[in-house]
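S.K.: Sequence below, structure please.
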Amino acid sequence: MPVHSPLVTYYHSVAPELPGAKHWPLSFLTMRMDRFEEELDHIVERGWRTIHLDEWWRMRCGQERSRGNELAITFDDGLLDNWVFAFPLLKERGLKATFFICPELIEPGDHLRPNLEDVWNGRTRMEDLAGRGQLSWGECRALQRSGVVDIQNHTMTHTKHIVSDRLRGVNRGGFEGWYPAMNTCAPDERAYMAMCPDIATYIPIGMPLFEEHSAVVARRKTIRPEFMEAARKLIGEHDLSTPDGRSTHEVRLHALHAAFQARNAVVEGEESFDEHVARVEDEIIGSKRRIEKELDKPVRFLCWPHGGNSPAVHAVARQAGHVATTVGRWVASANERDRIPRTGTGWPLGTTMRRLKFDAKMGAAHGRQPYRALAGLNAFRHRLFSQG
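M.R.: Numbers count the residues shown, from 1 in each chain. Now for the predicted structure:
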């Protein structure tokens, strides 16, 4: 039987325009609900068949024959709006999706919050629906029981860690401070803090931000308390509400950093190899076991947060029982059987061009010409120009 690899798309968040939504640090991940509905309607009109990743995997391995119209829809992060908005819209059209969740970001409890179905049935109003936050375990169980959604692994924490003394910026209260702030929260607080619009202010505005990488590949470093205290003191000497104050503060912060860096005194220490291995195994294996326990189902697929991964952590995931893990675009391993290449659909195009591009992506994935040839040329062009 021929090997086939149906198209896999990814989303994070779907919501209408809600009051205060733009102030949520994760709002940049949100696709407007009307546009999502438009994409789902296009899938239905084209007669494409949505599948879960188990079926995708069987086609990828040549164990099941493709009809040439399969599509796997995936959602990352386990955000509440996946239950409130995306799930009812998928269910209404008879479509399926895979949701990747992080156990540490799932709210404890069996509660089910109102969603679009409750609006359609007159039990609540659209404006009363919750717009941000994380799924609860109760909602995850309801999603899994529905048959519409299959839940899989997105690692334990989804966080990033500091990997060097290189400054990458200054906390201004936006998304750039998201992970440093989340890392100050206890594990049982993170599901609730993720919905907080001012989470980034849990570390002071004006504090330095350091180079960070995804938790599964980062060898975590600790910044010296003396440097952080000096940086905190510097904040009090400037009015950061004014452009001049921010500019002067930033110049002085960089000078302070350079002075500590010259003495190799910015980083206090690095986690040991054994600590690193234990933490990464908890991210990959601990999360798999937790989802399996909570939902009483096997977990066979893993999506890497931020796309960050390596052959080593992929091997850990495979040895733990995941049959495949995701891979970013333009990575050579995308053609390996146990990797899941995905594409986003948030193209900044008009409706007609978006539909044509979606058609082209589907055609290329299913080997139809000229889409397949054009996709190959595009990939070759990218590799050629990215080598220099």
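
S.K.: what's whichever strand in the chain runs longest packed up against?
M.R.: The strand that spans the most residues within the chain, counting by DSSP state E, is strand 160-170. Where contact means 3 or more C-beta pairs under 8 Å, 6 or more residues apart in numbering; DSSP states H and E, strand 160-170 is packed against strand 208-214, strand 221-223, helix 243-262. In short, each C-beta sits where N, CA and C put it, glycine included.

S.K.: ok, the second one: who's next to it in the sheet?
M.R.: The reference is to strand 221-223. The sheet places strand 221-223 alongside strand 267-270 (antiparallel), with pairing taken from DSSP bridges.

S.K.: hmm, back to that, so which of the helices and strands packed on strand 160-170 is the most packed in?
M.R.: strand 208-214 (a mean of 19; mean count of other C-beta atoms under 10 Å).

S.K.: quick one: it to helix 243-262, angle?
M.R.: Using axes from the mean of the first three to the mean of the last three C-alpha atoms, to 10 degrees, the interaxial angle of strand 208-214 with respect to helix 243-262 works out to 70 degrees.

S.K.: Now find how far off-centre the longest strand of the chain is within its chain.
M.R.: Here the centre of mass of C-alpha atoms in strand 160-170, compared against the chain's by C-alpha atoms, centre = their mean, to the nearest Å, lies 20 Å away.

S.K.: quick one: strands adjacent to that strand?
M.R.: For strand 160-170, using DSSP bridges, the partner strands are strand 208-214 (antiparallel).

S.K.: who's in contact with the strand it pairs with?
M.R.: Applying C-beta atoms under 8 Å, 6 or more residues apart in numbering, the external contacts of strand 208-214 come out as 160-171, 176-177, 179-180, 218, 223, 228, 231, 253, 257, 304-309.

S.K.: same thing with stretch 301-316?
M.R.: The contact list for stretch 301-316, computed with C-beta under 8 Å, 6+ apart, reads 53, 57, 74, 76-77, 98, 100, 102, 152-155, 158-160, 213-217, 280-281, 284-285, 288, 317, 322-328, 333, 338-340.

S.K.: Show the buried residues in those.
M.R.: Buried subset of the contacts of stretch 301-316 (neighbour count, 16 or more other C-beta atoms under 10 Å): 53, 57, 74, 76-77, 98, 100, 102, 152-155, 158-160, 213-217, 280, 284-285, 288, 317, 322-327, 338-340.

S.K.: Mind checking which of these land in strands?
M.R.: 74, 76, 98, 100, 152-153, 160, 213-214, 324-327, 339-340.

S.K.: that older thread, if burial is judged by neighbour count, which of the contacts of strand 208-214 pass?
M.R.: Buried residues within the contacts of strand 208-214, counting neighbours by 16+ other C-beta under 10 Å: 160-163, 165, 167, 170-171, 176-177, 179-180, 218, 223, 231, 253, 257, 304-306, 308-309.

S.K.: which residues touch Gly367?
M.R.: Contacts were defined as C-beta under 8 Å, 6+ apart; by that measure Gly367 touches His4.

S.K.: same check, this time on Arg224
M.R.: Each residue near Arg224 by C-beta under 8 Å, 6+ apart is listed here: Phe260, Ala265, Val266, Val267, Glu268.

S.K.: most surrounded residue in the residues you listed?
M.R.: Most neighbours among the contacts of Arg224, by other C-beta atoms under 10 Å: Val266, with 24 neighbours.

S.K.: wait, doesn't that one sit right on His257?
M.R.: Yes. Val266 sits in contact with His257 when judged by C-beta atoms under 8 Å, with a separation of 6.8 Å.

S.K.: Next one: the nearest residue to Ile73 once chain neighbours are set aside from Glu336, what distance?
M.R.: Closest residue to Ile73 apart from its sequence neighbours, by C-beta to C-beta, 6 or more residues apart in numbering: Ala97 at 4.1 Å. Separation of Ala97 from Glu336 (C-beta to C-beta, to the nearest Å) stands at 24 Å.

S.K.: neighbour count winner among these two?
M.R.: Residue environment comparison for Ala97 versus Glu336 gives the larger neighbour count to Ala97, 22 against 13, counting by other C-beta under 10 Å.

S.K.: burial of Gly47, as a residue count?
M.R.: Summarising burial for Gly47: neighbours were counted as other C-beta under 10 Å, giving 8.

S.K.: Phe36 now?
M.R.: Counted with other C-beta under 10 Å, the burial measure for Phe36 works out to 21 neighbours.

S.K.: what's the pLDDT at it?
M.R.: Per-residue confidence for Phe36 comes out at a pLDDT of 97.

S.K.: Grab the nearest non-local neighbour of it.
M.R.: For Phe36, ignoring the flanking residues on the chain, the nearest one in space by C-beta to C-beta, 6+ apart is Val14 at 4.6 Å.

S.K.: Tell me the secondary structure at that neighbour.
M.R.: At Val14, secondary structure determined by DSSP: H, G, I helix; E, B strand; the rest coil is strand.

S.K.: How about the one 3 residues further on?
M.R.: Three-state call for Glu17 (three-state DSSP): coil.

S.K.: May I have the phi/psi pair for the closest residue to it other than its chain neighbours?
M.R.: Among residues not flanking Glu17 along the chain, Arg32 sits closest, at 7.1 Å (C-beta to C-beta, 6+ apart). Dihedral angles phi and psi of Arg32 (degrees, to the nearest 10) take the values phi -60, psi 140.

S.K.: Enumerate every residue touching Arg32.
M.R.: Under the criterion of C-beta under 8 Å, 6+ apart, the neighbours of Arg32 are Val14, Ala15, Pro16, Glu17.

S.K.: In contact with the second one, which residues?
M.R.: Same thing as Ala15. The contact partners of Ala15, by C-beta under 8 Å, 6+ apart, come to Ala21, Thr30, Arg32, Met33, Asp81, Val84, Phe85, Gly131, Arg132.

S.K.: pLDDT score assigned to the first one?
M.R.: Looking back up the chat, that one is Ala21. pLDDT, the model's per-residue confidence, is 57 for Ala21.

S.K.: just the last one next, same as before
M.R.: Listed pLDDT for Arg132 reads 83.
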